[in-house]
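1. Pasting the sequence and the predicted model now:
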Amino acid sequence: MAELDVRKPLPAITTEAKPFWDAAAQQKLMIQRCHDCNAWVWTPRPSCNECGSEKIEWTQMSGKGEVYSFTVIRQVVGRAASKSFEPDIPYVIAWVDLAEGPRLITNIVGCPVDEVKLGMKVAVQFEQASEKVWLPKFKPA
Amino acid sequence: MFRLKHFGSTMSITNKAAIVGIGDTPTDRLGSKPGEPRKSSAEYLSWALHLALEDAGLTLKDFQGQGLGVTIPTAYPQPFWPEEVSEILGITPGFLLGGATGGAGAVSLLGGMSAAINSGFIDLALVIGAAAPFSEHWGGGIQPGDMRDWEIPYGTMGPNSKIAMVMRRHMHQYGTTLDHLGKVAVAARYHASLNPLGYLRKPITVDDYKNSRLVADPVRLLDCVMPANGGKAYILASPERAKTLRKKPIYLKGFGERSNPSYGPRAGSDALIMGVKDAGRVAMEMAGVKHRDINFLELYDDYVIVVYLQIEDLGFCEKGDLKFFENTDFTFKGQLPIQTGGGIINCGQPSTAGGVHHILEGVRQLRGEGGERQVPNPKIGLISGLGVLPYGKNLGCCAVAILGNEV
């Protein structure tokens, strides 16, 4: 495994998101779903954003999706933490719509940036960012 | 009784408050080079205040016990900023509001203060904002929230990354080209060239737009708002009070606001539809105006694509109607004048105070103070404010105001 880049900004493992990160470390992509109205709830919330129910359940996703849109980062700008991404340039930031519905901000990896297209089918792949954090990224399916 | 469809608002505030004074400092980028003289945001605040007082013929004393609304700059970590502004200016407000909606704050405060005036709680209000992002370094770390936990770890580079995805999706879904978008950019710059308060004043062509540097593919340099130092203010009064003042009152005819709008499921909203769709409809219903009654649009412009989307979502054309953009003259002489002062893309964005620009330009046009860029005899103008780019969707705070120069 490549050495972890300790300078990169990490997510905080909040109480409502901990099940997500625990599952990600096991290479599973989990999203909350409302038991009462069946809506997907993403990003993690204490209650359903559609109906307000507190009966929400973590549900495993297929890990399949498609690219809704994307951009290629060719220069870093803004906050100091951005600098830590300089070695990765060029890289792709994408909105991926999971087959089940929810939309994720993620990276498309495993192919040249010029080959990324809207509507491209992708599949999840987890990349370790710290001892506890594995980030779900997507590669061509 | 007037009643809005579908949403909670049941009270009209049409003609219950009027803008009676405006203050607009020139913008600059002092402090972007070492050794340059600098001004603090306090200085821009004071400058904007005094311009507005002079315009209205009021004094500082008139504002004691009255309304004070303050836009909250994005990078400023001071949680009591609106109160600090009251200290900087020497005002003891009877009603103090901070703009909670980012770049939409200026328009949100117009609605909030007008409602307070309509209630009789106050009869005068100052709304003010300033920022000096080049002269002052406020820093500010990564704050808790979706951006910290679900965006930045992937290397997102601020709003450019997300707007780039919106723009690419629109081009993919509707066949929108740089020619369509460039037309909007060119019209705004043309107006800035005729505006003494413009900052970027050299006219551009669609080719200049197309050839500008890629910032976040497909977003180019000439797509982006230009950060600047500056201060902006407006004064609101009850209609009775307005009649005693120097300038022709510009009335609030309608107001609507939507924050956290969602079109489709919240976990996967249509990212090409903006909350101005509903905020605009509510504001137009309140004002009792149709599209043909609106003489010009001053749309919040953090990016060219955002102006473009608002024209669609406000209902001036169908979504993806490319012919409309090809056939419409957006200049002050045309069928649908937009960005008649140049917008903040060309006049500069002092953080969230940038949202005040669109109101001030609307007031100038309705007073007939538009100079070389005056829209012929306007009666009604539509102003929008936008703020925040949330995870996975389009702008998160949308406010629309309809202004008019007749009761």
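-> Received, thanks.

2. touching chain B at all, stretch A:77-86?
-> Yes: using Cβ under 8 Å from any Cβ of the partner chain, stretch A:77-86 comes into contact with chain B via A:V77, A:G78, A:R79, A:A81, A:S82, A:F85. (C-beta placed from N, C-alpha, C; glycine too.)

3. my read is B:L109 is in a helix, agree?
-> Yes: using DSSP: H, G, I helix; E, B strand; the rest coil, the secondary structure at B:L109 is a helix.

4. A:T59 against A:Q32, yeah?
-> Yes: A:T59 lies in contact with A:Q32 (Cβ atoms under 8 Å); the separation is 7.2 Å.

5. what about those two, which has more around it?
-> A:Q32 (26 against 13; other Cβ atoms under 10 Å in any protein chain shown).

6. what does chain B have sitting close to chain A?
-> So chain B meets chain A at B:142, B:144, B:146, B:148-158, B:160-161, B:164-166, B:168-169, B:172, B:214-219, B:265-269, B:271, B:391-392 (Cβ under 8 Å from any Cβ).

7. ok, residue 94 - contacts?
-> As the question left the chain open, I've gone with chain A. A:V67, A:Y68, A:S69, A:F70, A:T71, A:I105, A:T106, A:N107, A:I108, A:V116, A:F138, B:M165 (Cβ atoms under 8 Å, 6 or more residues apart in numbering or on different chains).

8. Can you look at chain B instead?
-> B:Q64, B:G65, B:Q66, B:G67, B:F121, B:I122.

9. ok, for residue 70, nearest residue in space, not its chain neighbours?
-> I'll assume chain A. Of all residues not flanking A:F70 in the chain, A:A94 sits nearest, at 3.8 Å (Cβ to Cβ, 6 or more residues apart in numbering or on different chains).

10. meant chain B, my bad for not saying
-> Per Cβ to Cβ, 6+ apart, closest to B:V70 is B:P82, 3.9 Å.

11. Now the one you found: phi and psi?
-> phi -60, psi -40 (degrees, to the nearest 10).

12. Quick check, it in contact with B:I91.
-> No: using Cβ under 8 Å, B:P82 is not in contact with B:I91, being 10.7 Å away.

13. Now do the domain split for chain B, please.
-> B:18-138+B:229-250, B:150-227+B:253-404 (automatic domain parsing).

14. now these in CSV, with mean pLDDT?
-> Below are these laid out as CSV (pLDDT from 0 to 100):
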stretch, mean pLDDT
domain B:18-138+B:229-250, 95
domain B:150-227+B:253-404, 97
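
15. Tell me which of these sits nearest to A:A99.
-> domain B:150-227+B:253-404 (11.3 Å; Cβ to Cβ).

16. what's the spacing between the closest one and its chain's center?
-> 9 Å (Cα atoms, centre = their mean, to the nearest Å).

17. Longest strand of the chain, counting residues only.
-> Chain wasn't specified; assuming chain A. strand A:64-73 (DSSP state E).

18. Actually, chain B is the one I wanted.
-> strand B:250-259.

19. That one pairs with which strands?
-> strand B:18-24 (antiparallel), strand B:397-404 (antiparallel) (DSSP bridges).

20. Deepest-packed of the ones you listed, please.
-> Mean neighbours per residue, mean count of other Cβ atoms under 10 Å in any protein chain shown, is largest over the strands paired with strand B:250-259 for strand B:397-404, with a mean of 29.

21. Output that strand as CSV, nothing but the C-alphas.
-> Below are the C-alpha coordinates for strand B:397-404, written out as CSV (Å, rounded to 0.1, in the frame of the first residue of the first chain):
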residue,chain,number,x,y,z
CYS,B,397,-30.1,30.3,-0.4
CYS,B,398,-32.2,32.2,-3.0
ALA,B,399,-34.1,35.4,-2.4
VAL,B,400,-36.0,37.5,-5.0
ALA,B,401,-37.3,41.0,-4.7
ILE,B,402,-39.5,43.0,-7.1
LEU,B,403,-38.9,46.8,-6.9
GLY,B,404,-41.1,49.5,-8.5
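
22. For the longest strand of chain A, give the mean pLDDT please.
-> For strand A:64-73, mean pLDDT rounds to 97.

23. what are the pairing partners of it, and which direction each?
-> strand A:91-98 (antiparallel), strand A:121-128 (antiparallel).

24. Now the element after the first one, going C-ward?
-> If I follow you right, that is strand A:91-98. Next helix or strand after strand A:91-98 toward the C-terminus (DSSP states H and E): strand A:103-108.

25. Can you tell me what sits against that following strand?
-> With Cβ under 8 Å, 6+ apart as the criterion, strand A:103-108 contacts A:42, A:65, A:67-68, A:70, A:91-98, A:116, A:120, A:122, A:135-140, B:150-151, B:154-156, B:267-269, B:271, B:391-392.
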